[in-house]
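Trainee: My questions concern the predicted model and sequence given below.
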Amino acid sequence: MPVSIDTVYQRVLALANKEQRGYITPQEYNLLANKAQLLVFEQYFYDMDVALSQRVGNSSEYGDRFDMLSEKTAPFKNTNVDMAAVNGAVMTLPTTPTLHKLGTVFYNDGTRNVKVERIDGNQAQLMQQTALYAPTQLRPVYVRITDATLQFFPATATPAYATATVNCNFISKPTEVIWGYVVVNNQALYDATSSTDFELHASEENELVYKILELAGITLNKPGLVQMAAAEENEIIQKKQ
């Protein structure tokens, strides 16, 4: 279940007002909310790395930290998605939904998916100059030449590289949130029809509230609001550990 954009906004306004730190406009809130969502989202991957390194076989069905983080990232995982376009050995990565982190890349040789290993440009040059290590159809490699494109080696394959033969796994970026509103008597009133909720796990509601308050305190130059929000956020983090 997603986190309501309006519920978070009302809590942010109530806490900001309680601290006498001023009004946060819908425009400011939307900017801060999207920044907060990405900060919380990015933290998942750091926390997963730490949890995996510290994993000692937690036997609790619901207490394994890595499993909980995997559940939170599950809605953003995309598997075996075809490339958006293929031009010779240059592949354009999927654009829908918006790619955030690229995972494993595969080439289908007609019988199975072959994993394509990522290398850097210098390695590609050296591999092609050394017959023993040159890329082959059974051991293809790629270089990420831009954020959106990959170059495969060897340059040709049978069947040919195509959107039907090359796919990948990736993590998509959370959809941008919007607190939509209509103006009635010079006052902004929530409009659900033009709003977009947070895509994060429902358990992140408190962290989103205090992350937005902390960002608002920095933006509005309100040190007291920053301190209050940071203290509450640290308490949330401590409870998660």
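Mentor: Thanks, I have the structure now. Numbers count the residues shown, from 1 in each chain.
Trainee: Give me the residue ranges of the chain where confidence is low.
Mentor: Screening the chain residue by residue with the criterion pLDDT under 70, one finds the ranges 18-22, 55-63, 218-241.
Trainee: That one: strands as residue ranges?
Mentor: Here the chain has its strands, by DSSP state E, at 77-82, 85-87, 90-92, 99-108, 113-118, 141-144, 149-153, 166-172, 181-184, 187-190.
Trainee: how about those, which one is nearest H201?
Mentor: With respect to H201, and counting by CB to CB, the nearest of those is strand 77-82 at 13.5 Å. All C-beta spots, glycine's among them, are computed from the backbone N, C-alpha and C.
Trainee: what are the pairing partners of the closest one, and which direction each?
Mentor: Sheet pairing for strand 77-82, assigned by DSSP bridges, gives strand 166-172 (antiparallel).
Trainee: before we move on, back to that, turn the strands of the chain into CSV, including distance to L69.
Mentor: Formatted as CSV, those follow (distance: least, CB to CB, whole Å):
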stretch, distance to L69
strand 77-82, 12
strand 85-87, 33
strand 90-92, 30
strand 99-108, 14
strand 113-118, 24
strand 141-144, 25
strand 149-153, 28
strand 166-172, 12
strand 181-184, 34
strand 187-190, 31
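Trainee: Return the residues in contact with the most centrally placed residue in the chain.
Mentor: The centroid of the chain falls nearest to K173 when counting by CA atoms, centre = their mean (4.1 Å). Contacts of K173 were listed using CB atoms under 8 Å, 6 or more residues apart in numbering, and they are 38, 41, 76, 97-100.
Trainee: mind checking how far it is from Y9?
Mentor: Distance of K173 to Y9, given as CB to CB, to the nearest Å: 22 Å.
Trainee: Surely T149 touches A89?
Mentor: No - counting by CB atoms under 8 Å, T149 sits too far from A89 to count as a contact (10.5 Å).
Trainee: For the closest residue to V3 other than its chain neighbours, grab the count of nearby residues.
Mentor: The shortest distance from V3 to any non-neighbouring residue, by CB to CB, 6 or more residues apart in numbering, is to F198 (4.0 Å). Other residues within reach of F198, judged by other CB atoms under 10 Å, total 24.
Trainee: again, but for L150
Mentor: 22.
Trainee: isn't it right up against V90?
Mentor: Yes - with contact defined as CB under 8 Å, L150 counts as touching V90 (7.2 Å).
Trainee: In contact with A157, which residues?
Mentor: 107, 109, 137, 140, 165.
Trainee: Relative to Q123, which of those residues is nearest.
Mentor: Taking the contacts of A157 together and measuring to Q123 by CB to CB, the closest member is P140, at 13.3 Å.
Trainee: For that closest one, give its distance to P154.
Mentor: From P140 to P154 the distance is 7 Å (CB to CB).
Trainee: Show me which of those two is the more surrounded one.
Mentor: Neighbour totals were compared for P140 and P154, and P140 leads with 22 against 16 (other CB under 10 Å).
Trainee: next one: phi and psi at the more buried one?
Mentor: phi -80, psi 160 (degrees, to the nearest 10).
Trainee: With T163 instead?
Mentor: According to degrees, to the nearest 10, T163 has phi -60, psi -20.
Trainee: Quick check: can you list the domain ranges of the chain?
Mentor: Taking automatic domain parsing as the reference, the chain has its domains at 5-72+175-240, 84-162.
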